[in-house]
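Engineer: Quick one: sequence and predicted model below, then my questions.
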Amino acid sequence: MNELQLFREISEGDINALNILFETYYQRLCDFAFTYLNDYPQAEELVSDVFVKIWESKSILKGVTYPRSFLFTMVKNQCISLTRKTKLTVSSIDEIEVVQSTLSPEENILTEDLNEAWEQFKVNIPSLQLQAFELSRFHQLKYQEIAEVLEISVKTVEKYIGNTLKMIHKDFLEKHL
């Protein structure tokens, strides 16, 4: 079974296809992540997290035409993100811990309500446009990488993300905040 077919089956909710993808790429992705992190257990955890993200965002896989590039780009971006986070100074970490104190029950309810509203709102966004937005905001891909994954121009990616942000500002934030 080829990678494109695996991605399509995963996007349709086939957990066995995800397992096949995992078995096929896990070791290579761990080795790749190790080149960034120099910590194999951390690389393994990061790659496992990437597979969880893939499953959680499986709907965007329909538009991916270069699955191998998509996987390695996700791992690379997660490694870079993790590396940036670990470079924080001790004083910054102390400040972050204060900010990240547990949310109040009201804040938890608000967060849940916003997540539910977002799920309902995103149904109105055209599929390819939503995929571009999610790859940018949730997977931290650069516009060029999104263009390659979705096989569209960088200008189209810019337009899609800009349009989505306008929709969010106009329709979503005004109604839900």
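Structural biologist: That came through, no problem.
Engineer: doesn't Val157 make contact with Tyr143?
Structural biologist: Yes. Taking contacts as Cβ atoms under 8 Å, Tyr143 lies within contact range of Val157: 4.7 Å. C-beta coordinates here come from the backbone N, C-alpha and C atoms, glycine included.
Engineer: quick one, which of the two is more surrounded?
Structural biologist: Per other Cβ atoms under 10 Å, whichever of Tyr143 and Val157 has more neighbours is Val157, with 26 against 18.
Engineer: Might one say that that one is in contact with Ala132?
Structural biologist: Yes. With contacts counted by Cβ under 8 Å, Val157 reaches Ala132, the gap being 5.2 Å.
Engineer: Now do the shared contacts for the two.
Structural biologist: Taking Cβ atoms under 8 Å, 6 or more residues apart in numbering as the contact rule, Val157 and Ala132 both touch Ile146, Leu150.
Engineer: and the host helix or strand of Tyr36, what other elements does it pack with?
Structural biologist: For Tyr36, the element it lies in under DSSP states H and E is helix 15-37. Judged by 3 or more Cβ pairs under 8 Å, 6 or more residues apart in numbering; DSSP states H and E, the packing partners of helix 15-37 are helix 3-11, helix 40-56, helix 67-86.
Engineer: just to revisit the earlier point, overlap of the contact sets of Tyr143 and Val157?
Structural biologist: Contact criterion Cβ under 8 Å, 6+ apart; residues shared by Tyr143 and Val157: Ser136.
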